[in-house]
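Engineer: Compute the structure for the input listed below.
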Amino acid sequence: MLPAPQISDHELEEIAEMGCANDLAGSELTEGSGATRALLAHYAQTPRLRMTPLRTPQRTSAGKGDAIMMEASNLAMLRESQTPLLGGENPQLYPSDFSGVTPRKKEIQTPNLMLFFQLLECNTGHHRQFELGLALGFKQVTTAQNEYQILMQPVPEDNGKPEEKIEVDMSDRIARERAEEEARQQALLRKRSKVLQRELPRPPAPSVESLRKLLSRADEDKSKVVPPA
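Structural biologist: Below you'll find the model as predicted:
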């Protein structure tokens, strides 16, 4: 079902008659003298700058005159009204629009047919059945369980020594070699005698050699001695 037309057939006929009247007026103007045609513009064409030597008459915009008349009527009624102290009814004023002085055109909206059927409540039973079925479906939904299961991948065990991918500095390498050499010397020192470990004084090398010679001579003298018979 289509909505009712916004313009009736009678209004369309009036618009057609107005167009015919404008065409007749234009044809009458073309029959005049050249001076008359120079003073009047041809409104069938798009207006251009300086199309006529005289000013084009400006038409009052739609709705502006009504707003001015309403405000003037409101002002006149306020002047004629008595003081509120005397009592009585207040004058009935026209509603004022303070959003701006520029006239606004009211847009005609297409009527909403669905809203009309909703106001008639034609499908109330169907909607109720749908709501009951939806509520029943929500009741059958299982209750949410707040249980979580976290799965973690096993971490591989690194038994081997990690490889040194970073190049070691020369000073650090020398310090490490010195520490290893000192540890090796300490291990060798622990295998030697306590005298060397305590670093006690030892006889010089010449005295040891002379002592060896003296002992060897003593052995020779003992071998030369003849035992008594």
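
Engineer: Buried residues, stretch 71-79. List them.
Structural biologist: For stretch 71-79, a neighbour-count test (16 or more other C-beta atoms under 10 Å) marks residue 74 as buried. Just so you know, the C-beta spots here come from the backbone N, C-alpha and C atoms, and that holds for glycine as well.

Engineer: Using CSV, write down the CA coordinates of it.
Structural biologist: This file holds the C-alpha atoms of stretch 71-79, laid out as CSV (Å, rounded to 0.1, in the frame of the first residue of the first chain):
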residue,chain,number,x,y,z
GLU,A,71,6.6,39.1,16.2
ALA,A,72,4.8,42.4,15.5
SER,A,73,1.5,40.8,16.8
ASN,A,74,3.3,39.5,19.9
LEU,A,75,4.7,43.0,20.6
ALA,A,76,1.3,44.7,20.1
MET,A,77,-0.4,42.2,22.5
LEU,A,78,2.4,42.7,25.1
ARG,A,79,1.9,46.5,24.9
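
Engineer: Quick check: mean pLDDT of whichever helix or strand residue 15 is part of?
Structural biologist: Assigned by DSSP states H and E, residue 15 belongs to helix 9-30. Average pLDDT, helix 9-30: 71.

Engineer: which secondary structure element contains residue 128?
Structural biologist: Using DSSP H and E, residue 128 sits in helix 124-139.

Engineer: In PDB, could you pull the C-alpha coordinates for that helix?
Structural biologist: C-alpha atoms of helix 124-139 as PDB (Å, rounded to 0.1, in the frame of the first residue of the first chain):
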ATOM      1  CA  THR A 124       0.900  -8.200  19.500                       C
ATOM      2  CA  GLY A 125       0.300 -12.000  19.800                       C
ATOM      3  CA  HIS A 126       3.100 -12.800  17.300                       C
ATOM      4  CA  HIS A 127       5.600 -10.600  19.100                       C
ATOM      5  CA  ARG A 128       4.700 -12.200  22.500                       C
ATOM      6  CA  GLN A 129       5.200 -15.700  21.100                       C
ATOM      7  CA  PHE A 130       8.500 -14.600  19.700                       C
ATOM      8  CA  GLU A 131       9.600 -13.100  23.100                       C
ATOM      9  CA  LEU A 132       8.500 -16.200  25.000                       C
ATOM     10  CA  GLY A 133      10.400 -18.500  22.600                       C
ATOM     11  CA  LEU A 134      13.500 -16.300  22.900                       C
ATOM     12  CA  ALA A 135      13.300 -16.300  26.700                       C
ATOM     13  CA  LEU A 136      12.900 -20.100  26.700                       C
ATOM     14  CA  GLY A 137      16.000 -20.400  24.500                       C
ATOM     15  CA  PHE A 138      18.000 -18.300  26.900                       C
ATOM     16  CA  LYS A 139      17.000 -20.500  29.800                       C
END
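
Engineer: and that helix, what other elements does it pack with?
Structural biologist: Helices and strands touching helix 124-139, by 3 or more C-beta pairs under 8 Å, 6 or more residues apart in numbering; DSSP states H and E: there are none.
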